[in-house]
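Undergrad: Got a predicted model here, sequence first, then my questions.
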Amino acid sequence: MKGKICLVTGASSGIGMATCTALSEIGAAVVMVCRDERRGKAAHAKVASQSGNQSHDLILADLSSPASVRGLAAEFNAKYPRLDLLVNDAATFLSKRVVTPEGLELMFATNYMGPFLLTRLLIPKLEAASPSRVINVSAPSSMRPDFDDLQGERAFGAIGAFGASKAADLLFTYALARKLEGRGVTVNAYHPGIVRTRLVRGAPPAVRIITGVLNVFMGVSAKRASQGLVHLASSADFEGTTGAVIHDGKTVKAPFSDDVEAQDRLWQISCKLAELPEEV
């Protein structure tokens, strides 16, 4: 990975920051994407200190805002000639329904639409670096998105909405992998397992309690979880792997991998919401 240009969202803490540190330690030039300026600058300094690598950058962006995502892509495109690795890690969990100024439910916007839009805007840079890799940090969620109520206007449950956003990431992974086949860009999802992070800090009390118990007995540190992600990002073992979900160094069977109809339907809806053509 020495000299490779990598962009990682959700880089201010957790798996995102641990991944930035690990990539920097093996010589990559990492672009850290953070929403909060104070936390972003602190994370940027910490990665530099721990890795000893000064070849990394910080770009501030809110993945829930299409305008902010477009600004992020424009800034990256102006600064860098190519993109060898894109890691979509940013995510949020909320106990109540919150709507963005664009009318999108916030978890759907942050966990799915932001990564969708960003990835689409950076495809030319990914192709310029061919062979390159896209990794969507997700989970094998079987919570099928309700295509007639994606924003939870008629019915909203925090756990269901979060699960649907992760399932959307899977559908996107499969669809994009098919559309980019033969173009030198692989697209995979990474399932980190149960990780001790701050993700569920906004969840209902019952969810926080259950997650806390699971973390004690089954959870791994963000650093440990990032090791599998970096292996997927850098190893020749995955050079030709695309359209897969990887956990613990192995391809795992995940929901919707064969549901091309659902993949294409979400793709069409997402392109309309992002005001992008369906063709890649």
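TA: Yep, that arrived.

Undergrad: Tell me both backbone torsions, phi and psi, for the residue positioned nearest the centre of the chain.
TA: In the chain, the centroid-proximal residue (Cα atoms, centre = their mean) is residue 88; its distance is 2.2 Å. Dihedral pair for residue 88: phi -90, psi 100, per degrees, to the nearest 10.

Undergrad: That one and residue 120 touch, don't they?
TA: No. Judged on Cβ atoms under 8 Å, residue 88 makes no contact with residue 120 at a distance of 11.6 Å. Heads up, the C-betas are built off the backbone N, CA and C, glycines and all.

Undergrad: residues contacting the residue nearest to the centre of the chain?
TA: Counting by Cβ atoms under 8 Å, 6 or more residues apart in numbering, residue 88 touches 9, 115, 118-119, 134-137, 169.

Undergrad: try it again with 10 Å
TA: The contact partners of residue 88, taken as Cβ atoms under 10 Å, 6 or more residues apart in numbering, are 7-10, 16, 33, 63, 111-112, 114-116, 118-119, 134-138, 169, 172-173, 189-190.

Undergrad: Could you measure from the residue lying farthest from the centre of the chain over to residue 146?
TA: The centre of the chain is farthest from one residue, residue 154, which by Cα atoms, centre = their mean lies 27.0 Å away. For residue 154, the distance to residue 146 (Cβ to Cβ, to the nearest Å) stands at 8 Å.

Undergrad: What about the contacts of residue 88, which are in helices?
TA: 16, 114-116, 118-119, 169, 172-173 (DSSP state H).

Undergrad: returning to what we had before: can you give me the pLDDT of the residue nearest to the centre of the chain?
TA: Per-residue confidence (pLDDT) for residue 88: 98.

Undergrad: which residues touch the nearest residue to it once chain neighbours are set aside?
TA: Counting by Cβ to Cβ, 6 or more residues apart in numbering, residue 115 is the residue found nearest to residue 88 once chain neighbours are left out, at 3.8 Å. Residues in contact with residue 115 (Cβ under 10 Å, 6+ apart) are 9-10, 63, 69, 86-91, 134, 136-138, 165, 168-169, 172-173.
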